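>>> Kindly return the folded structure for what I paste below:
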Amino acid sequence: MEDFILMDFEKKVTEFSSYYDGNYDFLDSAANVFKTLIAALLIDKVQIDSINYRIKEREECISKFKRKYLTEIENSNLDYKIENHLTDLVGLRVVCLHLDDIKEIQNLIESNFKEIDITDKSSLLDSTEDKFGYKGLHLDLMINEQRTTLPEYSKFKNISFELQVRTIIQDAWSVLDHKIKYKKNIPTELKRRINRLSALFEVADEEFLRIKGETQKEQEKAKTEITGKTKELKDNLDVFKFLLVAEQHFPTYHFIEYKADGFVGEILRIDPSYSTDNLINSLEKYKTKVEEYTILSGSYMNPYTIIRHCIYLSDKIKFKSLLYEIQRNAFVKRNK
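Numbering: from 1, shown residues only. You can find the predicted model right below:
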């Protein structure tokens with residue numbers, strides 16, 4: 001009897017291998033279409049680090065089926081196909097920045113796909129005291145009924161796939177977690193050390209979310225100070241206030257946060273007491289003059305360079321280093 005079961009399983013493996021090889025390109029095309037759709041749904045709504053997909057390797061599929069489903073199916077004496085039990089044959093992963101992004105992504109996905117199953121690994125781990133592992137959200141999905149009427153999706157209507165949603169920190173821990181070869185039958189002290197490491201990643205994710213909240217508060221505070229022209233404008237310039245002032249003067253330009261932060265740092269190294277008020281006044285007084293210079297000279301200046309010129313003109317001695325000598329000379333020559 002055991003030999004018969006083994007022979008039958010080997011036959012099913014052969015059938016699955018034939019299915020896998022014959023449909024690999026089709027599954028790969030489906031995964032790419034799903035990735036493109038998900039990216040379009042999330043763009044401008046959630047900050048995404050990456051969206052990737054993969055087709056599960058054949059041997060990994062067979063190993064998973066054998067481990068999770070074979071015994072139960074054989075005991076039921078029902079006929080089966082391996083591929084019908086693999087919800088993650090096609091797999092996609094969205095890596096976002098913050099913990100609260102996961103729920104927002106889930107809502108956007110659920111309104112555009114048919115949800116077959118959901119596994120919230122974060123909730124599962126939070127309900128235990130002695131387990132460790134990576135957190136995240138796993139959704140088993142298919143194209144929803146509305147989209148199956150569209151020609152670009154209709155041919156993939158019967159393809160299910162698994163979508164994993166993780167933060168950057170959860171994703172980093174999952175990579176490390178898979179590198180730890182022994183995690184169950186190990187000495188208590190070693191298990192405790194792994195648990196401590198896992199907890200550090202959780203704390204980092206939660207702290208990252210708190211920092212996001214505090215950053216948003218600082219942005220709102222800066223907006224209130226600038227629009228209300230409060231006395232805090234006399235305080236030192238920071239990146240939040242700089243961005244608000246700069247975006248008011250250059251509304252079509254995209255100021256990248258880390259570049260703005262570096263620029264503010266450069267100004268404060270020259271003058272540690274430089275205030276938001278100083279920036280506002282220099283732009284209001286000199287921006288038109290600098291822009292007229294760019295037109296007359298036929299030169300192009302991006303907003304940062306225009307701001308550099310304005311600050312320089314407010315105090316040519318103190319802020320001499322903000323411009324190269326050739327820039328200073330060209331401006332002086334044109335404006336004699």
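>>> how about stretch 167-177: buried residues?
167-174, 177 (16 or more other CB atoms under 10 Å). Just so you know, the C-beta spots here come from the backbone N, C-alpha and C atoms, and that holds for glycine as well.
>>> Val95 versus Pro187, what's the distance?
33 Å (CB to CB, to the nearest Å).
>>> Who has more neighbours out of these two?
Higher neighbour count among Pro187 and Val95: Val95, with 20 against 9, using other CB atoms under 10 Å.
>>> per the record, what domains does the protein have?
As assigned by automatic domain parsing, the chain contains the domains 2-188, 229-334.
>>> Which element is encountered next along the chain beyond the lowest-mean-pLDDT helix or strand in the chain?
For the chain, using mean pLDDT, DSSP states H and E, the weakest element among its helices and strands is helix 121-126, scoring a mean of 49. Proceeding N to C from helix 121-126, the next assigned helix or strand is strand 137-143, under DSSP states H and E.
>>> Return the set of buried residues in the helix or strand that comes right after that following strand.
Sequence order places helix 145-148 as the next helix or strand after strand 137-143, per DSSP H and E. Buried residues in helix 145-148, counting neighbours by 16+ other CB under 10 Å, are found at Arg147.
>>> Looking at helix 145-148 now, give me its mean pLDDT.
Averaged across helix 145-148, pLDDT comes to 90.
>>> what's the closest of the buried residues of stretch 167-177 to Val203?
Ile169 (9.6 Å; CB to CB).
>>> who touches the spatially closest residue to Asp100 that is not a sequence neighbour in this structure?
Distances taken as CB to CB, 6 or more residues apart in numbering place Leu209 nearest to Asp100, at 6.2 Å, with adjacent residues excluded. Counting by CB atoms under 8 Å, 6 or more residues apart in numbering, Leu209 touches 98-100.
>>> Which helix or which strand is home to Leu209?
Here Leu209, judged by DSSP H and E, is contained in helix 188-227.
>>> residue ranges for the strands of the protein, please.
Secondary structure of the chain, counting by DSSP state E: strands at 48-55, 90-96, 113-120, 137-143, 161-167.
>>> can I get those in CSV with distance to Asn281?
Listed next are those as CSV, based on distance: least, CB to CB, whole Å:
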stretch, distance to Asn281
strand 48-55, 39
strand 90-96, 40
strand 113-120, 53
strand 137-143, 49
strand 161-167, 42
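>>> export the domains of the chain to TSV and tack on distance to Glu214?
Listed next are the domains of the chain as TSV, based on distance: least, CB to CB, whole Å:
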stretch	distance to Glu214
domain 2-188	13
domain 229-334	11
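>>> rank those domains by mean pLDDT and give me the bottom one.
Of all the domains of the chain, domain 2-188 carries the lowest average pLDDT, namely a mean of 85.
>>> one step back: ok, the buried residues of stretch 167-177 vs Val290, which is closest?
For the buried residues of stretch 167-177, with Val290 as the reference and CB to CB as the criterion, the closest is Ile168, at 39.7 Å.
>>> CA atoms only for stretch 200-216 - export them in CSV, please.
Taking C-alpha atoms only, stretch 200-216 is exported to CSV below (Å, rounded to 0.1, in the frame of the first residue of the first chain):
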residue,chain,number,x,y,z
LEU,A,200,14.7,45.0,18.6
PHE,A,201,13.4,45.0,15.1
GLU,A,202,9.8,45.3,16.4
VAL,A,203,10.8,48.3,18.6
ALA,A,204,12.6,49.9,15.6
ASP,A,205,9.5,49.6,13.5
GLU,A,206,7.3,51.1,16.2
GLU,A,207,9.8,53.9,16.8
PHE,A,208,10.0,54.6,13.1
LEU,A,209,6.2,55.1,13.1
ARG,A,210,6.4,57.5,16.1
ILE,A,211,9.1,59.5,14.3
LYS,A,212,6.8,59.8,11.3
GLY,A,213,4.0,61.1,13.6
GLU,A,214,6.4,63.6,15.3
THR,A,215,7.7,64.7,11.9
GLN,A,216,4.1,65.4,10.7
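>>> could you give the mean pLDDT of it?
91.
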